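# have a look; sequence and predicted model below, questions after that.
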Amino acid sequence: MKWWMIVVFVVFGLVADVVVFRILLKRAKHTGRNDPNWQDLARQLGLTLSGGDPVFPAIRWLAFMVRPVELIGTWREWPIRIYGYAQGSGKSSIAHLAIELTGPNPKGLQLYLARKGRWISGRPKPGPYTAALQAVQTGDEAMDAKVNVWASDPVFLRTALLPEIKTRLVRLLESGSGAEIRLEGATLIYDEVGGMGTEAKARIPEAVETLGAWRGIVAFYNR
């Protein structure tokens, strides 16, 4: 290989590195704690924006590597956490958004709620928090046609489902892609597929209210 060809390859490599670095740096400035969607949601819900800071703050060219962003605080009387995470890895990685409300559940109520759909199983995955679940028909034809409801105490759940809670649940699960609500021990979780964006930001406050209503159902069961 001639010397001038080596020079061309080196120069091309350096230019490519600079371009990639600038793209990643620009992306870092508009993600994490600098993302206006996370900032607006924190102000709207009165929560603390945590994370989003560089993993290696002293190394400028690694500024795009940031710690996971989350909103934490208290909603009503329950600790709340809103965060994003990835399921899988590499090209098969899928972004998720989740909300957690934590409170007492000493009687061990189990819940799983998911939208029905042709390509959606709507069934809980086997695990320690789903062993006692039973499929529930709520008696509301509109809701039963759209939502799969599973609970460890079907009689209680049918009694506790007020019309407003049913309406909110159906609206939320239909608006969020792959949305589900599950109770894992003391933690009630709303989970949807997708990252934080303007649509998700607009949906999250209603999701918090809906999750809070179900947190109330859990509290009533454990009274």
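The structure has been received and is ready for your questions. Residues are numbered from 1 along each chain as shown.
# do a quick rundown of the strands in this structure.
Taking DSSP state E as the test, the strands found in the chain are 48-50, 70-75, 78-87, 94-102, 111-115, 134-136, 147-151, 180-184, 187-193.
# ranges for the helices of this structure?
Ranges of helices in the chain, per DSSP state H, are 3-29, 36-45, 141-146, 154-160, 163-175, 198-221.
# and these, which one averages the lowest pLDDT?
Looking at these, the lowest mean pLDDT belongs to helix 3-29 (a mean of 49).
# rewinding a little: including distance to residue 163, mean neighbour count and mean pLDDT, could the strands of the chain go into TSV?
The C-beta positions use only the backbone N, C-alpha and C, and glycine is treated the same way. Formatted as TSV, the strands of the chain follow (distance: least, CB to CB, whole Å; neighbours: other CB atoms under 10 Å; pLDDT from 0 to 100):
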stretch	distance to residue 163	mean neighbour count	mean pLDDT
strand 48-50	35	16	91
strand 70-75	23	17	94
strand 78-87	24	17	92
strand 94-102	22	18	94
strand 111-115	16	23	93
strand 134-136	16	16	93
strand 147-151	14	23	93
strand 180-184	18	21	94
strand 187-193	20	20	95
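# TSV for those strands, including distance to residue 174?
TSV is the format used below for the strands of the chain (distance: least, CB to CB, whole Å):
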stretch	distance to residue 174
strand 48-50	29
strand 70-75	23
strand 78-87	20
strand 94-102	16
strand 111-115	6
strand 134-136	19
strand 147-151	9
strand 180-184	12
strand 187-193	11
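# show me the one of those strands that comes nearest residue 128.
Between residue 128 and the strands of the chain, the tightest spacing by CB to CB is seen for strand 180-184, at 8.4 Å.
# only alpha carbons, please: show the closest one as CSV.
Extracted C-alpha coordinates of strand 180-184, given in CSV (Å, rounded to 0.1, in the frame of the first residue of the first chain):
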residue,chain,number,x,y,z
GLU,A,180,-49.8,-3.5,31.8
ILE,A,181,-50.3,-3.1,35.5
ARG,A,182,-48.9,-5.7,37.9
LEU,A,183,-48.5,-6.1,41.6
GLU,A,184,-45.2,-7.5,42.7
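# show me what that strand pairs with in its sheet, parallel or antiparallel.
Strand 180-184 has its sheet partners listed here by DSSP bridges as strand 111-115 (antiparallel), strand 187-193 (antiparallel).
# distance from the chain centre to that strand, please.
Its chain's C-alpha centre and that of strand 180-184 lie 11 Å apart, by CA atoms, centre = their mean, to the nearest Å.
# and the contacts of that strand?
105, 109-115, 124, 129, 169, 173, 188-192, 210-211, 214, 218 (CB atoms under 8 Å, 6 or more residues apart in numbering).
# switch to 7 Å and redo it
For strand 180-184, contacts defined as CB atoms under 7 Å, 6 or more residues apart in numbering pick out 109-114, 124, 129, 189-191, 211, 214, 218.
# quick one: which of those is nearest to residue 85?
Using CB to CB, residue 191 comes nearest to residue 85 of the contacts of strand 180-184, at 9.3 Å.
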